[in-house]
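J.: just the structure for this:
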Amino acid sequence: MKRTPLEQKLTQLIQPVIEDLGFQLVLASVIGEGATRTVQVLAQDPGTRNLGVEDAATISRSLSALLDVEDPIEGKYRLEVGSPGIDRPLVRPEDFEHYAGYEAKLEIATPLENGQRRFRGVLKGLQDKSVLVETDRGQVELPLSELTKAKLVLTDKLIKAAAQM
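T.: Residues are numbered from 1 along each chain as shown. Next up, the predicted model:
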């Protein structure tokens, strides 16, 4: 998935800390500009694919200390740590395999030959470093390296599956 240089730097910096605490980093992103910037960190327990409030607080305290020392972001910002939620972003290759059969919205950096950049359809898994998506116009292959956004769509099927976890 395409990330900004700052988001890549943040990921490299915070991922080991989150893993040392026994969790997985799902996504680190920077939202907004100037004094209204927010560093959003989504993490999960590898076993449950969820994150409790106390776990988020533990991660937040550890990351606050690290970011104060390393100071990777100029100026003020707000740190926000949370669970990826039911309609979670899909970032890692294994996410597309795990959530095969569920509906997702995806966006790529470079449009396909027909000019399309945004897609909505059912995930069919991975093939040769591309995400397979069954859309209303047929199946498309979207290179992982071109994805800029990918997120599950909140559907009854997804809600039922989440309730069983």
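J.: what helix or strand is residue 74 on?
T.: Using DSSP states H and E, residue 74 maps to neither a helix nor a strand.
J.: quick one: residue 112 from residue 122, how far?
T.: Distance of residue 112 to residue 122, given as Cβ to Cβ, to the nearest Å: 18 Å. Glycine gets a C-beta too; all of them are placed from N, C-alpha and C.
J.: in the protein, which spans are helices?
T.: Secondary structure of the chain by DSSP state H: the helices cover 5-20, 53-70, 93-98, 156-163.
J.: show me the shaky parts of the protein.
T.: Within the chain, the ranges that satisfy pLDDT under 70 run 165.
J.: do that again at 90, thanks
T.: Low-confidence segments of the chain, defined by pLDDT under 90: 1-7, 30-37, 47-50, 67-77, 85-87, 92, 112-114, 128, 158-165.
J.: quick one on the thing from earlier: reformat the helices of the chain as a markdown table; add mean neighbour count and distance to residue 128.
T.: Output for the helices of the chain, formatted as a markdown table (neighbours: other Cβ atoms under 10 Å; distance: least, Cβ to Cβ, whole Å):
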| stretch | mean neighbour count | distance to residue 128 |
| --- | --- | --- |
| helix 5-20 | 15 | 24 |
| helix 53-70 | 14 | 35 |
| helix 93-98 | 16 | 11 |
| helix 156-163 | 12 | 27 |
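J.: out of those, which gets nearest to residue 147?
T.: Residue 147 lies closest, by Cβ to Cβ, to one member of those: helix 93-98, at 9.3 Å.
J.: ok, residues contacting that closest one?
T.: Contacting residues not belonging to helix 93-98 are listed as 88, 90, 123, 125, 126, 129, 131, 144, 150 [Cβ atoms under 8 Å, 6 or more residues apart in numbering].
J.: hang on, the fourth one packs against residue 132?
T.: Yes: the criterion here is Cβ atoms under 8 Å, and residue 125 meets it with residue 132 at 5.7 Å.
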